[in-house]
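Participant: give me coordinates for this.
(one chain, ligands or ions: 2)
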Amino acid sequence: KEQKQAYSEQITTLLQQHQAVMLAHYYVEPELQDLALASGGMVGDSLEMARFGARHPAQTLLVAGVKFMGETANILSPEKTILMPDMQATCSLDLGCPADEFTAFCNQYPERTVVVYANTSAEVKARADWVVTSSIAIEIVSFLHAQGKKIIWGPDRHLGEYIQNLTGADMVLWQGSCMVHNEFKGQELALMKARYPHAKVLVHPESPSAVVALADVVGSTSQLLQAAINDTADTFIVATDQGILHEMTKQAPAKTFLAAPTAGNGATCKSCAFCPWMAMNGLESCIDALNHQEQHRVQLPAALSQQACLSIRRMLEFSS
Ligand code: 13P
Ligand code: SF4
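Facilitator: Numbers count the residues shown, from 1 in each chain. Ligands and ions are numbered 1, 2, ... in the order given. Reported below is the predicted structural model:
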C-alpha cells in the first residue's frame with residue numbers, strides 16, 4: 001500500500017512537471033481511477049474520455065485505457081502528445097475486426113451507411129461514415145433510420161442486435177464480440193436474480209441478448225454508474241467489467257453491488273469479468289510513460305488520422 005502511495009505521488013509530480021493531464025476509463029485499476037481524478041484529470045466512459053481529451057488545454061494527455069482510446073485522443077488532437085501506459089493494451093472487438101476484412105464486408109453493401117463502434121482501429125474508423133459509443137449509439141442509429149438509411153454495423157454483434165431491436169433499423173451486422181461481456185450468462189443471471197429479488201440489474205449492451213433481456217437498465221459504463229447512484233434500490237447486480245464497482249461503491253457507499261455471474265450456478269465470481277487489456281495499465285507503467293515518452297506515444301499517420309477524424313467528429317457534433 002505504501003509503495004502504491006509513493007507511485008501515485010510520483011505520477012502526480014510527473015504530471016505537473018510535464019503539464020500533463022490523466023484520463024482513465026472505469027475499467028482500469030482503482031488506484032489509477034482515483035489518481036486521474038485527484039490530479040485534475042477525469043475518469044469516465046469512452047465518449048466522455050474523447051470529449052475531455054479534445055477540450056482540455058493540456059499539451060500532454062496520459063490515457064489509461066485501451067488502444068482505441070489513445071488513438072481517438074490522437075485523432076481529435078494531433079497537436080497534443082498522447083501517451084499510453086502500455087502500447088499493447090488492445091481490445092477483442094478491435095482485434096476481431098481487421099480493417100481489410102471489414103472494408104471488403106462494407107464493399108458488398110455500397111448503398112449502406114457504415115456505423116462503427118468506437119472500439120475499433122483508426123483504419124476501420126476511416127472506412128466508416130459514423131463512429132458511435134455505447135452511450136450514444138441508439139440516438140445516432142435512430143436518427144439515421146428516420147432518414148431512411150440502411151446500416152452496416154460493426155463490430156459488436158450483441159450491441160448491434162440490441163440497437164436493431166430497439167430502433168427497428170435495417171442493419172447488417174459484423175459478427176464480433178467482447179471477450180469479457182460475452183461471458184455473462186442469462187440462465188445464471190436469472191438464478192441470481194431469484195436469489196436477490198429486490199436487486200436491480202445493470203447491463204452493458206456488449207452482453208449477450210439473454211443477459212440484456214433481464215436488465216433493468218442497459219447502458220454505457222457512465223450510464224450504469226448514474227443508474228446505480230440515482231435508483232432507490234439498495235442492491236444491484238452488475239453485468240460489466242468489475243472495474244466499475246470501484247466508482248459505484250465510492251459514489252453510493254450504502255448500496256451493495258454484486259458482479260453478475262459468468263458461469264456456474266448463479267454465484268457471483270470475484271475474478272471474473274475483468275478486461276485483460278485494461279488490466280495492463282498500472283502505476284509503474286504510468287511512470288514509465290511519463291519518463292520515456294517516445295516509447296509510449298500514440299502517433300498515427302496524418303492522412304489516416306484526418307480520414308478517421310470525420311466519422312468521430314460527426315458523433316461529437318451530434319452529441320454536443
Ligand atoms: P463505455 O463507452 O461504456 O465506457 O465502454 C467501453 C468499453 O470498452 C466497454 O467494454
Ligand atoms: Fe474491449 Fe471488452 Fe475490454 Fe471493453 S471490456 S476494452 S470491449 S475487450
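Participant: name all residues that make contact with the closest residue to ligand 2 within the stretch 101-250 of the chain.
Facilitator: Ligand 2 sits closest to residue 178 of the stretch 101-250 of the chain, with a gap of 3.2 Å, by C-beta to the nearest ligand atom. C-beta: built from backbone N, CA, C; applies to glycine. Neighbouring residues of residue 178 by C-beta atoms under 8 Å, 6 or more residues apart in numbering: 91, 92, 93, 119, 156, 158, 206.
Participant: among those residues, which are in helices?
Facilitator: 92, 93, 158 (DSSP state H).
Participant: between those, which is nearest residue 37?
Facilitator: residue 93 (26.6 Å; C-beta to C-beta).
Participant: wait, that closest one sits on residue 117?
Facilitator: Yes - look at residue 93 against residue 117 with C-beta atoms under 8 Å: they come within range, at 6.5 Å.
Participant: so what sits against both of these two?
Facilitator: 155, 156.
Participant: skipping adjacent residues, who's closest to the residue of the stretch 151-300 of the chain found nearest ligand 1 in space?
Facilitator: As assessed by C-beta to the nearest ligand atom, ligand 1 sits closest to residue 220 within the stretch 151-300 of the chain, at 3.2 Å. Take residue 220 and drop its neighbours on the chain: the residue closest to it by C-beta to C-beta, 6 or more residues apart in numbering is residue 135, 3.7 Å away.
Participant: about what we covered before: which of the ones in helices among the contacts of residue 178 come close to ligand 2?
Facilitator: Contacts with ligand 2 are made by 92, 93 out of these, judged by C-beta under 6 Å from any ligand atom.
Participant: whichever of the ones in helices among the contacts of residue 178 end up buried, select them in ChimeraX.
Facilitator: Of these, the buried ones can be selected in ChimeraX as follows, counting by 16 or more other C-beta atoms under 10 Å:
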select :92,93,158
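Participant: report the beta-bridge partners for residue 200.
Facilitator: Under DSSP bridges, the beta-bridge partners of residue 200 are residue 236.
Participant: so who does the residue nearest the centre of the chain touch?
Facilitator: Central residue of the chain (C-alpha atoms, centre = their mean): residue 46, 4.6 Å from the mean position. Listed by C-beta under 8 Å, 6+ apart, the contact set of residue 46 reads 25, 65, 68, 69, 72, 118, 119, 133, 134, 135, 220.
Participant: could you dump those to TSV with neighbour count?
Facilitator: Converted to TSV, those look like this (neighbours: other C-beta atoms under 10 Å):
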residue	neighbour count
25	27
65	28
68	25
69	26
72	29
118	27
119	29
133	24
134	27
135	20
220	23
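Participant: stretch 217-235 vs ligand 2: in contact?
Facilitator: No - Stretch 217-235 is not in contact with ligand 2 by C-beta under 6 Å from any ligand atom; minimum separation 9.1 Å.
Participant: any idea how far apart the tips of that stretch sit?
Facilitator: 13 Å (C-alpha to C-alpha, to the nearest Å).
Participant: before we move on, the earlier item: redo the ones in helices among the contacts of residue 178 as JSON lines? Include distance to residue 316 and pLDDT.
Facilitator: Putting the ones in helices among the contacts of residue 178 into JSON lines (distance: C-beta to C-beta, whole Å; pLDDT from 0 to 100) gives the following:
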{"residue": "92", "distance to residue 316": "25", "pLDDT": "97"}
{"residue": "93", "distance to residue 316": "20", "pLDDT": "98"}
{"residue": "158", "distance to residue 316": "25", "pLDDT": "98"}
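Participant: closest to residue 307 among the ones in helices among the contacts of residue 178?
Facilitator: Comparing these against residue 307 with C-beta to C-beta places residue 93 closest, at 20.1 Å.
Participant: separation between that closest one and residue 25?
Facilitator: 14 Å (C-beta to C-beta, to the nearest Å).
Participant: just give me the neighbour total for residue 248.
Facilitator: By the criterion of other C-beta atoms under 10 Å, residue 248 has 21 neighbours.
Participant: grab the nearest non-local neighbour of it.
Facilitator: Distances taken as C-beta to C-beta, 6+ apart place residue 228 nearest to residue 248, at 4.6 Å, with adjacent residues excluded.
Participant: phi and psi next, for that neighbour.
Facilitator: phi -60, psi -40 (degrees, to the nearest 10).
Participant: how about the helix or strand encompassing residue 62 against ligand 2, any contact?
Facilitator: Assessed by DSSP states H and E, residue 62 sits inside strand 60-64. No - with C-beta under 6 Å from any ligand atom as the criterion, ligand 2 is not reached by strand 60-64; the gap is at least 12.2 Å.
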